[in-house]
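[1] sequence first, then the predicted structure:
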Amino acid sequence: MGTAGTSADETADERRHLINVAYRLLGSAAEAEDAVQEAYTRWYALPQDRRQEITNPGAWLTTVTSRICLDVLGSARARRERYVGAWLPEPLPDPAERDHGHGADPADQLVMNESVTTAFLVVLESMTPAERVAFVLHDVFRYPFAEIAGVLGRTPASCKQLASSARRRVGVTRTPVPPATRAETVRQVKRAWEAKDIAALIDLLDPAAVLTADGGGLAGTVLHPVEGGTRVARYLLAIAERSPGIELLERSVNGTPGLVAQVAGTVTTVASFDVADGRVTRIWAVRNPGKLRPWTRHVAAGDG
């Protein structure tokens, strides 16, 4: 993917960009960090004269990182077949809402925009590894197909077809929901849950709403999606009834309004929402503690 400067400072400056590419390809900040670290390991393993021949280290690193992610995506399909329950992308907090965000955590390197929302990442999961790489590199990061071909080992025309196929999976784009409207809907869900008001919850949920939870076998939750607004409302109310001590906080999750549940200062669940016409259409709740590492007890700072 192309080949500018060869100093350590210049390659280090690429880290933020590489983390952003890898997270969108893998849906996991931890796996993204591993992929980027491996790319840097390969870079520094090159003989010095070979590194000096590469006129664009950043492009070289992007190519290698993307190839590593492609391999990870291929093996991830088999791993997720053995995963207990539904698999969801790793939720990320807004660095501004954390009191320890100084760039050390890969989550702090990520740019929060529409390409990291949970809804978008879930759609990416439906793509083949090659489709996902072609689509993310072209449609999100604007790499030309001639360069993507070098990552996938295919022709530019084939890469263009892969991106087109992936684009169809994304489907028709809805009119964006204003952030204030989305936040207010989520706030009303929080209030209804805290009040144990099932009628209000049902009214806030689309009749075809779906709740998907990810516990990974490490935290109790439903193994299959809960479908239908009324069933989702009853499930949420059942949680409220048997969960004394849980506090809900309004927090940004992957760049959109969400809710974080904590018990005694420890984050136990991170929920993100999709909203349309003032109602919640999807809820994604992550309870797998391995995916909650970017969230610390310090996320509870403030009134929520």
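    Structure's in. What do you need?
[2] strands of the stretch 201-304 of the chain, residue ranges please.
    Listed in chain order, the strands of the stretch 201-304 of the chain (DSSP state E, counting those that start in this stretch) span 205-214, 226-227, 246-253, 256-263, 266-276, 279-286.
[3] distance to T155 for those - can I get that in TSV?
    (Each C-beta comes from the backbone N, C-alpha and C, glycine too.) Formatted as TSV, the strands of the stretch 201-304 of the chain follow (distance: least, CB to CB, whole Å):
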stretch	distance to T155
strand 205-214	37
strand 226-227	42
strand 246-253	39
strand 256-263	37
strand 266-276	36
strand 279-286	36
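[4] how far off centre is stretch 149-162?
    Computed by CA atoms, centre = their mean, to the nearest Å, the chain-centroid distance of stretch 149-162 equals 25 Å.
[5] so for it, mean pLDDT?
    Summarised as a single mean, pLDDT over stretch 149-162 is 97.
[6] start and end of it, how far apart?
    11 Å (CA to CA, to the nearest Å).
[7] now swap in stretch 140-158 and tell me
    End-to-end distance of stretch 140-158: 18 Å, with CA to CA as the criterion.
[8] all helices for the stretch 1-150 of the chain, in order.
    8-13, 15-26, 29-45, 48-53, 57-81, 118-125, 129-135, 145-152 (DSSP state H, counting those that start in this stretch).
[9] in a markdown table: the ones you listed, plus mean neighbour count and distance to S252.
    Shown next, in a markdown table, are the helices of the stretch 1-150 of the chain (neighbours: other CB atoms under 10 Å; distance: least, CB to CB, whole Å):
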| stretch | mean neighbour count | distance to S252 |
| --- | --- | --- |
| helix 8-13 | 12 | 26 |
| helix 15-26 | 23 | 16 |
| helix 29-45 | 18 | 15 |
| helix 48-53 | 10 | 39 |
| helix 57-81 | 18 | 25 |
| helix 118-125 | 20 | 12 |
| helix 129-135 | 24 | 25 |
| helix 145-152 | 19 | 31 |
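[10] figure out which of those is closest to A264.
    Closest to A264 of those is helix 29-45 (CB to CB; 24.9 Å).
[11] avg pLDDT for that closest one?
    95.
[12] and that helix with helix 57-81, angle?
    If you take axes from the mean of the first three to the mean of the last three CA atoms, to 10 degrees, helix 29-45 sits at 140 degrees to helix 57-81.
[13] relative orientation of helix 29-45 and helix 15-26 in degrees?
    130 degrees.
[14] mind checking how far helix 29-45 is from the chain centre?
    With CA atoms, centre = their mean, you get 19 Å for helix 29-45.
[15] who are the packing partners of that helix?
    If you count contacts as 3 or more CB pairs under 8 Å, 6 or more residues apart in numbering; DSSP states H and E, helix 29-45 packs onto helix 15-26, helix 57-81.
[16] count of neighbours near V275?
    Around V275 there are 24 other residues, counting by other CB atoms under 10 Å.
[17] so it bridges to which residues?
    With DSSP bridges applied, V275 shows beta-bridge pairing to V280.
[18] nearest to G216, of the helices of the stretch 1-150 of the chain?
    Per CB to CB, nearest to G216 of the helices of the stretch 1-150 of the chain: helix 57-81, 10.4 Å.
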